[in-house]
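Undergrad: Sharing a model that was predicted from the sequence below.
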Amino acid sequence: MFGLGKIRLHGVDKKVITDEAHADDFKAAPAIGRVRFGKLCFYYRDLGRKYYVPYDYIERAFIRISETQPDDSPPIYYYRLILVHGDKEFANLIFNKEKEADDALAKLQDCAPNMAVGYVPPPGGKKPSFR
């Protein structure tokens with residue numbers, strides 16, 4: 001009646017889909033961490049939402065390593081799978097283990113063979129300002 005129990009997938013274009021084809025693809029897709037590799041799309045969870053991304057939308061992907069230095073403890077490393085379209089990083093998917101991030105990147109490269117892999121610095125060598 002209210003769509004309870006249906007899988008709602010949010011797209012990079014802000015469109016929400018609930019069709020059975022994508023829902024079945026999402027359920028059947030093999031997962032690594034919080035990402036899934038379907039036949040129709042790449043799926044991931046972020047902040048409680050499920051997202052879908054057509055493979056041809058992803059132009060480039062790379063892994064960024066973030067380090068957190070807690071007080072009086074060894075550093076903690078996070079491995080982030082970054083997805084890029086144009087000059088914009090549109091997904092920042094965090095993994096706690098390096099192997100999971102590497103496996104996800106390798107599987108994504110298999111699913112999207114036209115996708116480039118690796119970091120490309122922004123023009124001028126400076127990170128964009130977010131202010």
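TA: Thanks, I have it. Numbering: from 1, shown residues only.
Undergrad: CA atoms for contacts and neighbours, from now on please.
TA: Will do.
Undergrad: Please, where are all the helices along this structure?
TA: Counting by DSSP state H, the segments of the chain that form helices are 20-28, 98-111.
Undergrad: tell me which residues in the first one are buried?
TA: Going by neighbour count (16 or more other CA atoms under 10 Å), the buried part of helix 20-28 is 22-23, 25-26.
Undergrad: same thing with the last one?
TA: Of the residues in helix 98-111, 100-102, 104-105, 108-109, 111 count as buried by neighbour count, 16+ other CA under 10 Å.
Undergrad: residue farthest from the centroid of this protein?
TA: Relative to the mean C-alpha coordinate of the chain, counting by CA atoms, centre = their mean, the farthest residue is D72 (32.3 Å).
Undergrad: what sits against the closest residue in space to V35 that isn't next to it in sequence?
TA: Leaving aside its sequence neighbours, V35 sits nearest to Y44 (CA to CA, 6 or more residues apart in numbering; 4.3 Å). By CA atoms under 8 Å, 6 or more residues apart in numbering, the residues touching Y44 are 34-36, 50-52.
Undergrad: Repeat that for A101.
TA: 63, 79-81, 95.
Undergrad: Pick the one among the buried residues of helix 20-28 closest to P121.
TA: F26 (33.1 Å; CA to CA).
Undergrad: surely that closest one meets R36?
TA: Yes. Using CA atoms under 8 Å, F26 is in contact with R36, at 7.2 Å.
Undergrad: For these two, list the residues in contact with both.
TA: Counting by CA under 8 Å, 6+ apart, the residues touching both F26 and R36 are Y43.
Undergrad: What score does the residue farthest from the centre of the chain have for pLDDT?
TA: The score at D72 is 84. That number is its pLDDT.
Undergrad: gap between it and P121?
TA: Note on D72: its distance to P121, by CA to CA, to the nearest Å, is 33 Å.
Undergrad: swap in Y79?
TA: From Y79 to P121 the distance is 18 Å (CA to CA).
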